[in-house]
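# Give the three-dimensional model of this entry:
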Amino acid sequence: MDRRHFLRGTGACLALPFLETLARAEAPAKVSRFVCVANPFGMIRDAFFPTETGLEATLPTNLAPFESLGGKFSVFSHLDHGINGGHSGTHAFLSGVRSTEATAMPDGNITLDQYLGELSAGQTRFPVLNTSAGSNNGGACELSWTRSGVLVPAIQQVSRVFKLLFVDEGPEAASQLSDRYDRQGSILDAVQSQAKAMDQRLTKRDREKLDEYFTSIREVESAIQREQAWVHRPRPGVEMKEPEDGTVTEQLPILFDLIALALETDSTRVATIEVPGAFDTRGVGLEPKGYHAYSHHGKDPGLMKGMRKIEAYQMQQLARFIETLEKRGLLDSTQVLFGSGMGDGSAHTNSDLPVLLAGGEHRHGGHVVLPEEKSKRVPLSNLYLAIAQQFGAETDRFGHSTGTLSDFS
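Sure thing, here's the model as predicted:
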């Protein structure tokens, strides 16, 4: 059978879901997957971090849904990127690098999802699938960044995610899309040719800017080439009906189901889900004050109770997603990261970030407590390096990493 497996008969063609048995028969290299789920306002500490350490640690209220997943996840205390700035620092959650320092870094402020997507580019229809359960009005994660420092927007409607993954528009639409890719390629060639002709007349700083521009062009060219290769390939058929868009609480469980299907059908191996700031608080039985307002609780018991409800809903859906991956035999090959670039939404701190990692082949430790002393702090990027290496990256650094979490990974 070929790389993409199909059932054919009586003029019909149905793409099979990704089957690891067939993949192993074709190529001995293991398939690795990664999913990141993030929110913009952090988590209330006593509802997320256990008070005990290790695998036997009693789980706090909001982690109760993870009871059945013992030994398959780790919660990390005292991990962060050593930055501050409140909301202005949350965009560095998945890179460890603020956008303002990106030019001084070898890989810019590329985020972990985009970095891993580069490793698997061309093997799936979508190298990375960046999604959100709704509008980010009222608080954006700004989660995903390319190597050239461009913010990757998240797809915000579950109906659109479904169509991108599982709905073919027909041969005529495919031909039109292919023609458009050809035109875009021609335009890029022309622009690049003209820009190179200017090079000799430019100052050193302008040449640096032009080089950054060429880097962006090369990224676009590579993306176009990858997309062209998939234009005429049929999307996989699934039993799920096209979902309707709704509120965040209505869309989030659907989005988790779509990502699980995307992994199962090998439509992508890297995905992100942003829990938006426009979270509908009515959906969890709260007054419509808004997620951001509840995050600014100032220790007010009523607001904190509301914030715990919002966070509990997120954890329930995350646990259900991880259980789904386990039931479908995908968890051992999928690393699922949850977290936020905000530690305490009320105090606007970016330290001691809420970080949970499930799945993969890690030696999970339940509650992993890392050094709290400033001189002994371990960068969150060390965990990212461990994730990247398990994914298949042959590298000894990511962001501001100083090594990996060897006792954990």
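# Which strand or helix spans residue 320?
Here residue 320 sits within helix 301-327, counting by DSSP states H and E.
# can you pull out the helices in the stretch 251-400 of the chain?
If DSSP state H, counting those that start in this stretch is used as the criterion, the helices of the stretch 251-400 of the chain fall at 291-295, 301-327, 380-391.
# circling back to that earlier point, buried residues in the helix holding residue 320?
Residues of helix 301-327 classed as buried: 303-304, 306-319, 321-326 (neighbour count, 16 or more other C-beta atoms under 10 Å). (Glycine included, C-beta is placed from N, CA and C.)
# buried stuff in stretch 113-124?
Residues 113, 114, 115, 116, 117, 118, 119, 120, 121, 124 are the ones in stretch 113-124 that count as buried (16+ other C-beta under 10 Å).
# correct me, but residue 65 touches residue 311?
No: using C-beta atoms under 8 Å, residue 65 is not in contact with residue 311, being 11.6 Å away.
# So which residues of the stretch 101-250 of the chain form strands?
129-132 (DSSP state E, counting those that start in this stretch).
# any idea how far the most centrally placed residue in the chain lies from residue 343?
Closest to where the C-alpha atoms of the chain average out (C-alpha atoms, centre = their mean) is residue 272, at 2.5 Å. Per C-beta to C-beta, to the nearest Å, residue 272 is found 20 Å from residue 343.
# for residue 233, same thing?
43 Å.
# Between these two, which is the more surrounded one?
A count of neighbours by other C-beta atoms under 10 Å puts residue 343 above the other of residue 233 and residue 343, at 22 against 13.
# Quick check, that one in contact with residue 380.
No: look at residue 343 against residue 380 with C-beta under 8 Å: they stay out of range, at 11.0 Å.
# can you list residues touching both of those two?
Contact criterion C-beta atoms under 8 Å, 6 or more residues apart in numbering; residues shared by residue 343 and residue 380: 80, 353.
# Number of residues surrounding residue 202?
Counted with other C-beta under 10 Å, residue 202 comes out at 13.
# Could you tell me the phi and psi values at it?
Main-chain torsions, residue 202, degrees, to the nearest 10: phi -100, psi 160.
# Now do the same for it: its pLDDT.
As predicted, residue 202 sits at a pLDDT of 73.
# And for this protein, the residue most distant from the center?
Farthest-out residue of the chain from its mean C-alpha position, per C-alpha atoms, centre = their mean: residue 201, at 41.8 Å.
# measure residue 94 to residue 109 for me?
Distance from residue 94 to residue 109, by C-beta to C-beta: 9 Å.
# what is in contact with those two at once?
With C-beta under 8 Å, 6+ apart, residue 94 and residue 109 have common neighbours residue 145.
# low pLDDT regions in the stretch 151-300 of the chain?
Applying pLDDT under 70 to the stretch 151-300 of the chain picks out residues 170-200, 208-232.
# repeat that for 90
Flagging of the stretch 151-300 of the chain using pLDDT under 90 yields the residue ranges 168-234, 288-289.
# same deal with the stretch 301-409 of the chain?
Ranges of the stretch 301-409 of the chain meeting pLDDT under 90: 405-409.
# where do the helices sit along the stretch 101-250 of the chain?
Ranges of helices within the stretch 101-250 of the chain are 112-120, 158-166, 171-198, 204-228, 248-264, based on DSSP H, counting those that start in this stretch.
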